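> starting from these lines, generate the structure:
(chains A and B)
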Amino acid sequence: MLIDRDHRRWAYATLLATVAGAATYAVYVRSALDGPRGGSGPGLAFGVAGSALMIYAGLLSARKKAPTWRIGRAQAWMKGHLWLGLLSLPLILFHAGLSFGHGALTRVLMWLFLIVILSGLLGVVLQQFLPRVMLQLVPMETIYEQIPHVIAQLRVEADQLIAAACGPFHGQLEPAVQLGRERRMQPSRKRQPFVSAGLLEGAEPLKEFYLVQVRPYLFDAGRGSALGDPIKRAPLFEQVRPLIPPALHEALGDLETICEERRQLSLQARLHLLLHGWLAVHLPLSFALLLLGGVHAVMALRYRY
Amino acid sequence: MARTRTTKRLAKRIELHYFQQPHPFRRLVRWLTIAALAVSAGWIGLSAASKDNSPYSRGPLSTPHAMFSKNCVLCHGGVRAAGPEANSRSASLATGFFRRPVSDPACLQCHAGPAHHERQVLDRGMRTDCAGCHVEHKGFADIRLFSDRSCTQCHADLRVREGTTSFVKNISSFSPTGHPEFAVLRLKSRDTAQLKLNHQAHLKQGLRLQDGTVVQMNCSDCHRPANYSRSWPYGQVPPERPGKSPGGSAGPPSSDARHMAPVDYARQCSGCHDRDLEFDKSGLFPGIHAPHDRPEIVHAFLLEQYRQALARNPRLKMESPQALVRYPGRRSPPLTPRTNDAWVAERVREAETLLFMKGCKVCHAIEYAAEALPVIVPTAVPARWFSHAFFDHHAHRALTCVACHDRAPDSTRTADVLLPGIKACLECHSGAKNEGTFSTGNTRARSGCAECHVYHDQTGPGKLWEGAREIRELTKVIR
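Numbering: from 1, shown residues only, chains lettered A, B, ... in the order given. Sure thing, here's the model as predicted:
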């Protein structure tokens, strides 16, 4: 979510609540007999408020599971998740008397809480610039979940392109790569767009270049391949171009486009992992935090004096 | 035909129900969530299964209670009060199905914790239960050092249920403005001890002893804690005699290292003042002094001494007392025969005159009575000057005595109160208050109330040490 002007009211409200909480905490600390404690009246109030905000922030997951429910706009929920979740940090710190806890459970809770907050903040920061970076670097982006599917289609498309230009492969393809899913994606001959009238003389270099360099790259776009680097890739294609007839130059150009799309999809996958990878920390630990927080609340109230 | 990327072509590449298929990243997050919840629940479950509540502890217990860190039920067991305490706030806290707070009865199982003052007034929010001041689970901090606010909640604006109080009513901190001068100095009290003691005479330079030795006395030559084991330079410890009365000492003997022991004649004074107890100038008893004891005992001692002397030498009764002192060129007075008793009585009377009119009066006040032995006025030296506080001399042993008792070397009268004022204490004790938290970086000594004052009235009998628990019961989790 991009932090823009629409967030100003939320930010001011959060700041105001934090200042009010800090002022209340200062008064409470001055009057507390034995220093700030989570079990005292004000300490409990801070704890309840902070926990309520944490629970609200956690409900975002449930809200996403039921997008059709009329319980507020998703954007509003997201803003609340962000700012109220952030507000829970000072409230919980006031609850803990600005300490990190001394018991095992309280320490674990504080560590979880800090990691959850920091991972959330990391997510917010990444969301501010990574989508724009992605827009610039990956103009051929597709739906993230469909990247493997689209890559498979690119391979099929490249196979057909070369087969149409250079003739059938006659078992030159590795059987391992002809997997069922790709076979299913093979369009029927009638719908093939790249069927050429006849095989051109001198197409062998292109076929060899495809089989030796391009096709393996389409399967595994590892960072070691020269085709994954636009600067190194262009000379490779330029070396092939004089070796083949001009009629195949267009096919060679299409093959280069496919390689570029493959590279961008790999980059998109990496950027997406960077953009959303923090969720792998944020989400599981949030649920653990809520569970252990509930246990802490029950046991602390039980033994509170 | 060149390869084109039309919207239609791109759309055709996407599977219609792709969002319904599990994605590896989503699956990973889901499994991580399940794992995190499982680990959390497993931890809690294992703790519950082993009946170990230590994960829920607010923090480590203080050193005296650390042994039962895993046995929460010892304190959080909901021990109910009995008798008049049954209706107290802390007792009501302990009686619940769910709640397991620490109640006063749990503490009183081992600790006496007598009340502070029966006339104290508690406003709403004030706490006087044990856990209100002695906050546990703060690590190895001294649980006796509680927050000053526990005291100032009342003493900053002191009120009593009925009548008035003699205590200062607005004590807020140990500072020139927040704490009054010590009562003895504030009220300009005088030392009413019936003992003639001139500190200046004892501490002056070039003090000459009766044998002619010149010495420089120090404060510690007379003032030491009771457990101080070095020998006394100007005294001796006489063998205990049956029936010896503690007439020379004032106050109860102190056995700890914190307080100065009362001055005792035998230990501190006898080395120099024994000659004041010589009772016979004729030289009949060389090296023998009258006991430093009650007149009755001194009288009996003198009778015994003279009777024995007469038994050893019956000719003594033939000589007048003056005859025993022979001067060159002067004739002795004629001998006058007397009875034994008459001679002893006469000699005892002379010895008592010497002692009670001169020797004892060096230090003591004496009341004379006709036809009876005089009475030594009890010295009544105060054992403690602080009646509501304590001072640890041992903790201050790095200092010279006059660093605080600066008026002592110039004091000539017993009535002088040589207690240092609050100003001397504040030179060091203006550091951290006891706020229930650890503080670092202090460059001054602590100045909390509990440094000098004791909340509980310790004059009672205290807790009997008749415990009934086994070591295992305290240290192991009870299943």
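> CA atoms for contacts and neighbours, from now on please.
Fine.
> in stretch B:220-230, what counts as buried?
B:Asp221, B:Cys222, B:His223, B:Arg224, B:Pro225, B:Ala226 (16 or more other CA atoms under 10 Å in any protein chain shown).
> which ones among those come in contact with chain A?
Among the buried residues of stretch B:220-230, proximity to chain A is found for none (CA under 8 Å from any CA of the partner chain).
> could I get those residues as a markdown table with pLDDT and secondary structure?
Shown next, in a markdown table, are these (pLDDT from 0 to 100; DSSP: H, G, I helix; E, B strand; the rest coil):
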| residue | pLDDT | secondary structure |
| --- | --- | --- |
| B:Asp221 | 87 | helix |
| B:Cys222 | 88 | coil |
| B:His223 | 89 | coil |
| B:Arg224 | 85 | coil |
| B:Pro225 | 84 | strand |
| B:Ala226 | 76 | coil |
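> which residue is nearest the middle of chain B?
B:Phe390 (5.2 Å; CA atoms, centre = their mean).
> residue contacts, it?
With contact set as CA atoms under 8 Å, 6 or more residues apart in numbering or on different chains, B:Phe390 has these partners: B:Cys452, B:His453.
> for the residue in the stretch 201-305 of chain A that chain B sits nearest to, what is the enclosing helix or strand?
Closest to chain B within the stretch 201-305 of chain A is A:Pro284: 3.8 Å, counting by CA to the nearest CA. Using DSSP states H and E, A:Pro284 sits in helix A:279-303.
> what's that helix packed up against?
For helix A:279-303, the elements it packs on are helix A:41-65, helix A:104-137, helix B:24-49, judged by 3 or more CA pairs under 8 Å, 6 or more residues apart in numbering or on different chains; DSSP states H and E.
> for B:Gly77, which non-adjacent residue is closest in space?
B:Arg100 (6.1 Å; CA to CA, 6 or more residues apart in numbering or on different chains).
> and that neighbour, its phi and psi?
phi -140, psi 60 (degrees, to the nearest 10).
> got it, and B:Ile376?
phi -80, psi 120.
> ok so, going back, what number of residues lie near the residue nearest to B:Gly77?
The tally of other residues near B:Arg100 (other CA atoms under 10 Å in any protein chain shown) stands at 24.
> what of B:Glu296?
The burial count for B:Glu296: 12, using other CA under 10 Å.
> can you tell me the SS state at it?
Here B:Glu296 is recorded as helix under DSSP: H, G, I helix; E, B strand; the rest coil.
> quick one: it from A:Gln160, how far?
134 Å (CA to CA, to the nearest Å).
> can you pull the residues of chain A lying near chain B?
Contact residues (CA under 8 Å from any CA) of chain A with chain B: A:32-35, A:101-106, A:143, A:145-146, A:149-150, A:153, A:194, A:250-251, A:254, A:279-280, A:283-285, A:287-288, A:291-292, A:296, A:299-305.
> residue contacts, the nearest residue to B:Tyr228 once chain neighbours are set aside?
Leaving aside its sequence neighbours, B:Tyr228 sits nearest to B:Ala257 (CA to CA, 6+ apart; 7.5 Å). Listed by CA under 8 Å, 6+ apart, the contact set of B:Ala257 reads B:Pro225, B:Ala226, B:Asn227, B:Tyr228, B:Asp392, B:His393, B:His394.
> now list the buried members of the residues of chain A next to chain B.
Here, 16+ other CA under 10 Å leaves A:32-35, A:101-106, A:145-146, A:149-150, A:153, A:194, A:251, A:254, A:279-280, A:283-285, A:287-288, A:291-292, A:296, A:299-305 buried among the residues of chain A next to chain B.
> outline the domain layout of chain A.
By the assignment in automatic domain parsing, chain A contains the domains A:5-129+A:278-303, A:144-275.
> so where's the chain uncertain?
Since you didn't name a chain, this refers to chain A. For chain A, the stretches with pLDDT under 70 are A:1, A:170-200, A:223, A:305.
> to clarify, I was referring to chain B.
In the predicted model of chain B, residues B:1, B:78-96, B:124-125, B:236-255, B:319-337, B:431-443, B:459-467, B:476-479 satisfy pLDDT under 70.
> can you give me the strands in it?
Ranges of strands in chain B, per DSSP state E, are B:207-208, B:214-215, B:366-367, B:375-376.
> for the ones you listed, which one sits closest to chain A?
Comparing the strands of chain B by CA to the nearest CA, strand B:375-376 comes nearest, at 52.7 Å.
> now B:His155: how far from B:Met126?
For B:His155, the distance to B:Met126 - CA to CA - is 12 Å.
> neighbour count: these two, which is higher?
With other CA under 10 Å as the criterion, B:His155 and B:Met126 differ in neighbour count, and B:His155 comes out ahead with 18 against 13.
> look at the residue sitting furthest away from the middle of chain A and tell me its secondary structure.
Farthest-out residue of chain A from its mean C-alpha position, per CA atoms, centre = their mean: A:Leu33, at 48.8 Å. Following three-state DSSP, A:Leu33 is assigned to coil.
> is it true that it touches B:Cys151?
No: taking contacts as CA atoms under 8 Å, A:Leu33 lies outside contact range of B:Cys151: 9.1 Å.
> find the nearest non-adjacent residue to the residue in the stretch 151-300 of chain B positioned nearest to chain A, please.
Evaluated by CA to the nearest CA, the stretch 151-300 of chain B has B:Gln153 as its residue closest to chain A, separated by 8.2 Å. Leaving aside its chain neighbours, B:Gln153 sits nearest to B:Met126 (7.0 Å; criterion: CA to CA, 6+ apart).
> for A:Glu145, see how far away that neighbour is.
For B:Met126 relative to A:Glu145 (CA to CA), the value is 62 Å.
> what does A:Ala49 give?
Going from A:Ala49 to A:Glu145 by CA to CA gives 38 Å.
> same check on B:Asp276?
Taking CA to CA as the measure, B:Asp276 and A:Glu145 are separated by 110 Å.
> for A:Pro53, give me its contacts.
In this structure residue A:53 is Leu, not Pro. The neighbourhood of A:Leu53, defined by CA under 8 Å, 6+ apart, consists of A:Leu84, A:Gly85, A:Leu87, A:Ser88.
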